[in-house]
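**Q** generate a structure from the sequence data that follows.
(chains A, B and C)
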Amino acid sequence: MPELPEVETVCKGLIPSMQGQVITRADVNRPDLRWPFPDNMAIRLNGAKVTALRRRSKYVLADLSTGETLIIHLGMSGRMTVSGDPLGQFHHDHPAAEKHDHVVFHMGNGSRVTFNDARRFGAMDLALTATLEDHWLIKSIGPEPLGNTFNEAYLIDVLANKNTPIKTALLDQRIIAGLGNIYVCEVLHRARVNPKRKAGQLSKTRVATLVPIIRDVLSEAIAAGGSSLKDYRQADGELGYFQHGFQAYDREDQPCQTSDCGGTIARIVQSGRSTFYCPKCQR
DNA sequence: ATGTGTTCCTGTCCGC
DNA sequence: TGCGGACAGGAACACA
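**A** This next block holds a predicted model:
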């Protein structure tokens, strides 16, 4: 679910209550999510100060004073929400535990951060901060689309000779970090590229065009606080509103908004996932 | 080495 | 109302 803009929004929202704060207690309510939690996770988190909270791809990373980094992935349905006042002056300020509240972080400033994930496709692990880049979940991730190493030359090179459809290629986290089903559909629609087109078949010019569009779509979504569909929430429980700006995703049978197009958004399935696109203007 | 289909899990929605 | 099936923002894994 949460793609780069949603994870970025959650991460920013968690900073006031987590960054620079000590985890006074971590309640770990089950042994695993997608994979088992690391050994003694609660003990290794207890008393650790979060020295930095940051995002890499769709991961939230919490660097700890213990020399470890907590790696968090929200999967499809994961949420991290804050409750309580940051000054810790008031009591009875936390809502009752809900179904699927799997981990609760109690922070030194009185706030709580609750990780809730109905489908449990999410994950948590601990790794030495010094060797985080070698961690099996992190090491193969491609460049950050909003960073300097992602550029036209890179994308042209990495897509060259690829036989996979461009839609599938852009979903591949080894090629580019952080794009998911929504934003790939939006990017290809804005670029007027047919999602079925083989990645290696696109001209260099068209691939180059994708770079600023990817950056724009993600930046706009971040500015809107992400997209709220079923259960996504910002850290403060608020909804993002980028979903109101969708041009393609979840708009099957609705008119294409591209000026003078007049086409109709279609839904097809690629690699087992829905693709929404306009067969008329996306070529 | 690449490309594709399956799988994990719960919740919601739609048609009968 | 109830039931069955399709589908959901991800991505590792097994297999051709």
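**Q** write out the residues of chain A neighbouring DNA strand C.
**A** Contact residues, chain A versus DNA strand C (Cβ under 7 Å from any atom of the strand): A:1-3, A:6, A:34, A:57-58, A:73, A:75-76, A:119, A:121, A:137, A:140, A:171, A:173, A:180-182, A:226-232, A:272-274. In this view, the C-beta of every residue, glycine as well, is placed from N, C-alpha and C.
**Q** take the residues you listed and keep only those in helices.
**A** A:6, A:171, A:181-182 (DSSP state H).
**Q** about what we covered before: any of the residues of chain A next to DNA strand C buried? List them.
**A** A:1-3, A:6, A:57-58, A:73, A:75, A:137, A:171, A:180-182, A:226-228, A:231-232 (16 or more other Cβ atoms under 10 Å).
**Q** can you flag which of these belong to strands?
**A** Using DSSP state E, residue A:73 are the members of these that sit in strands.
**Q** quick one on the thing from earlier: out of the residues of chain A next to DNA strand C, which are close to DNA strand B?
**A** A:34, A:119, A:121, A:230, A:272.
**Q** how about the second one, what does it touch?
**A** Read that as residue A:119. A:75-77 (Cβ atoms under 8 Å, 6 or more residues apart in numbering).
**Q** the last one too?
**A** Taking Cβ under 8 Å, 6+ apart, we find residue A:272 in contact with no residue.
**Q** correct me, but residue A:268 touches residue A:282?
**A** No. Contact between residue A:268 and residue A:282 fails when scored by Cβ atoms under 8 Å: they sit 11.4 Å apart.
**Q** the two: which is more packed in?
**A** The neighbour comparison of residue A:268 against residue A:282 (other Cβ atoms under 10 Å) goes to residue A:282, with 23 against 14.
**Q** which non-adjacent residue is nearest that one?
**A** residue A:194 (4.6 Å; Cβ to Cβ, 6 or more residues apart in numbering).
**Q** roughly how far apart are that neighbour and DNA strand B?
**A** 15 Å (Cβ to the nearest atom of the strand, to the nearest Å).
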